[in-house]
Every structure is written in C-alpha cells, then in structure tokens.
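> build me a model:
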Amino acid sequence: MSEPKLEVPAELRELAEKTIDQAEKAFGMFFDAANRSITSIPNPGTEMSKQALSLTQQNIKAAFEHARKLVHATDLQEAMRIQSEFLKSQFTNAGEHMRQITGNVMSAARDSTKDKF
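Purely as a prediction, here's the structure:
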C-alpha cells in the first residue's frame, strides 16, 4: 500500500514560495533595522543584544528554509521526515544557543565583579 501523494496545485506551491520570500525579505529588513538600532546606542548590554538578535535571526532563517522544504513535499511521509529533521535541529540549536548565552552571561558577571575588586 503506497502513501497517497499530496495533490497541491503548482500555482499554490508558487504562491507559498512567493509568500515565504516576501516574509523573509520583511524579516531581513527588520533585522537590519534592529542591528542598526543596537549599535547606534552603545551600552553594557550591546554585545549580548547583538548575540540574541543573531541567534534569533538564525532561528528565523532556519524556519524559512524549513517552510521552503515543506512546500515541495510530495507526500505525508516526506513532510513528516522534514518536520522531524527540523525539530531535531532546532532542539540541538537551542541547546547550543543556551550554552553560548550562559557562557556570555557568566563571562560578563566575572568581568563586572573583577572591576570592583
């Protein structure tokens, strides 16, 4: 018994791709503006803000790549495989991001106490 194919009209797939492209472009503009905003007013949290924005940008980029892959899925099994791979990579990335953030927070805390003694 074979898996039924996803009968999605080509026009709908094209529309989905264009929508993803437009959303990605809009997010790109948002991240450019946010980066300019962060760097325009230096403060002690600037580096951490840049890192948080960078990690968020990586997550959004991964989500757009995931959406593009899903648009081209030809059956439910492929869609589930794509979803499973995406979730696995997101969990891995989340752990790495937490390690980076924790390391930076600990480093900043050490640096701030070092200046006081």
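> tell me, which helix in the chain spans the most residues?
With DSSP state H applied, the helix covering the greatest number of residues in the chain is identified as helix 76-116.
> that one packs against which elements?
Helix 76-116 sits against helix 46-71, with contacts defined as 3 or more C-beta pairs under 8 Å, 6 or more residues apart in numbering; DSSP states H and E. Where you see a C-beta, it was placed from the backbone N, CA and C, and this is true even at glycine.
> what packs against the helix it packs on?
helix 10-40, helix 76-116.
> which of the ones you listed has the lowest average pLDDT?
Comparing mean pLDDT across the helices and strands packed on helix 46-71, the weakest is helix 76-116, with a mean of 88.
> that older thread, quick one: which of the helices and strands packed on helix 46-71 is nearest Ser54?
Of all the helices and strands packed on helix 46-71, helix 10-40 sits nearest to Ser54, with 8.8 Å by C-beta to C-beta.
> can you mark which positions in that closest one are buried?
Along helix 10-40, these residues count as buried under the neighbour rule (16 or more other C-beta atoms under 10 Å): 16, 20, 24, 27, 31, 38.
> ok, the third one - contacts?
Neighbour list for Glu24: 61, 64 [criterion: C-beta atoms under 8 Å, 6 or more residues apart in numbering].
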